[in-house]
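Novice: Show me the folded form of this:
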Amino acid sequence: MVRLSLFARPGYGAGALLGALYFAGFTGVVFVLTLYLQNGLGYTPLEAGLSLTPFALGSAVSATIGGRLVSRMGRSLVVIGLVVVGLGLGATDLVLGGHHGAAAGWWLALPMLIAGVGGGLVISPNVTLTLANVPVHQAGAAGGVLNTGQRLGTAAGIAVIGSLFFSHLAATGDSGGAAAIGLRATLAFISLALVVGIVDLARGRSRDREPQPASGSPAR
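Specialist: All right, here's what the predicted structure looks like:
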């Protein structure tokens with residue numbers, strides 16, 4: 001069983017919530033774009049997968065960099081990553097609005113690369129920061145809760161975003177418009193994660209500014 005006191009640890013509750021919200025949006029965008037490229041534009045599964053490859057490449061590269069920066073930059077690195085993801089998804093929405101037809105996969109390459117770079121600065125650094133203040137004897141439970149939250153976020157995100165996508169598609173038959181609505185729902189989840197990250201960053205800085213007990217005097 002998980003002790004609820006775990007969520008009182010600095011950064012843990014916020015990090016777990018941020019991770020769940022990010023995964024709700026992160027998996028949603030892949031789901032929506034895959035449906036749009038295959039069902040809307042007639043891409044093969046291979047072509048649709050290749051169109052989304054820039055996201056994976058960007059994530060792989062920036063995750064390596066993020067692992068080196070997280071100890072120095074802390075939660076601000078995650079916040080920056082979420083902002084970059086938001087910019088990439090916003091640009092993706094604009095690209096889809098341009099109705100580039102069968103060439104949309106090429107037009108999506110750059111904004112998806114940008115979103116992927118941001119994503120690499122979110123996932124691993126967030127896990128590191130979320131577990132940083134967890135006692136060793138609770139690390140297993142804390143990691144399990146964190147992973148469970150991410151899986152729940154994934155399921156909830158696909159359910160919400162998928163419902164919006166298919167309901168619009170059924171009503172209008174416009175796969176491009178359905179994809180745009182799904183992307184905006186994804187962006188909403190990412191924005192919520194950004195708010196959580198900013199609040200936790202502000203709290204962390206507030207704790208750092210609190211006066212520490214003088215050396216040799218008992219802490220209260």
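Novice: how near is A56 to N39?
Specialist: To N39, A56 is 22 Å away according to Cβ to Cβ, to the nearest Å. All C-beta atoms are positioned from the backbone trio N, CA, C, and that covers glycine.
Novice: Then R205?
Specialist: Separation of R205 from N39 (Cβ to Cβ): 46 Å.
Novice: quick one: the helices in this protein?
Specialist: 12-35, 45-51, 53-73, 75-97, 104-120, 123-130, 139-172, 175-209 (DSSP state H).
Novice: Which of these sits closest to S5?
Specialist: helix 12-35 (10.0 Å; Cβ to Cβ).
Novice: if we can go back for a sec, now the helices of the chain in CSV, with distance to L4, mean neighbour count and mean pLDDT?
Specialist: Listed next are the helices of the chain as CSV, based on distance: least, Cβ to Cβ, whole Å; neighbours: other Cβ atoms under 10 Å; pLDDT from 0 to 100:
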stretch, distance to L4, mean neighbour count, mean pLDDT
helix 12-35, 10, 24, 90
helix 45-51, 42, 15, 90
helix 53-73, 27, 17, 91
helix 75-97, 23, 21, 92
helix 104-120, 30, 22, 91
helix 123-130, 16, 22, 90
helix 139-172, 11, 16, 90
helix 175-209, 18, 19, 88
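Novice: JSON lines please, covering the ones you listed and showing distance to L6.
Specialist: Output for those, formatted as JSON lines (distance: least, Cβ to Cβ, whole Å):
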{"stretch": "helix 12-35", "distance to L6": "6"}
{"stretch": "helix 45-51", "distance to L6": "38"}
{"stretch": "helix 53-73", "distance to L6": "21"}
{"stretch": "helix 75-97", "distance to L6": "18"}
{"stretch": "helix 104-120", "distance to L6": "26"}
{"stretch": "helix 123-130", "distance to L6": "11"}
{"stretch": "helix 139-172", "distance to L6": "6"}
{"stretch": "helix 175-209", "distance to L6": "16"}
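Novice: Phi first, then psi, for G74.
Specialist: Backbone dihedrals for G74, given as degrees, to the nearest 10, come out at phi 60, psi -150.
Novice: was I right about it contacting R203?
Specialist: No: applying Cβ atoms under 8 Å, one finds G74 not in contact with R203, separated by 11.9 Å.
Novice: Contact partners for the most centrally placed residue in the chain?
Specialist: Centroid-nearest residue in the chain, with Cα atoms, centre = their mean: Y22, separated by 2.9 Å. By Cβ atoms under 8 Å, 6 or more residues apart in numbering, the contact list for Y22 reads L82, V122, I123, N126, G153, F189, I190, A193.
Novice: Check the gap between the last one and A24 for me.
Specialist: In this case it means A193. Taken as Cβ to Cβ, the span from A193 to A24 is 8 Å.
Novice: Kindly report the same for the fifth one.
Specialist: Per Cβ to Cβ, G153 is found 4 Å from A24.
Novice: again, but for G157
Specialist: G157 is 3 Å from A24, by Cβ to Cβ.
Novice: who touches both of the two?
Specialist: In contact with both G157 and A24: F189, using Cβ under 8 Å, 6+ apart.
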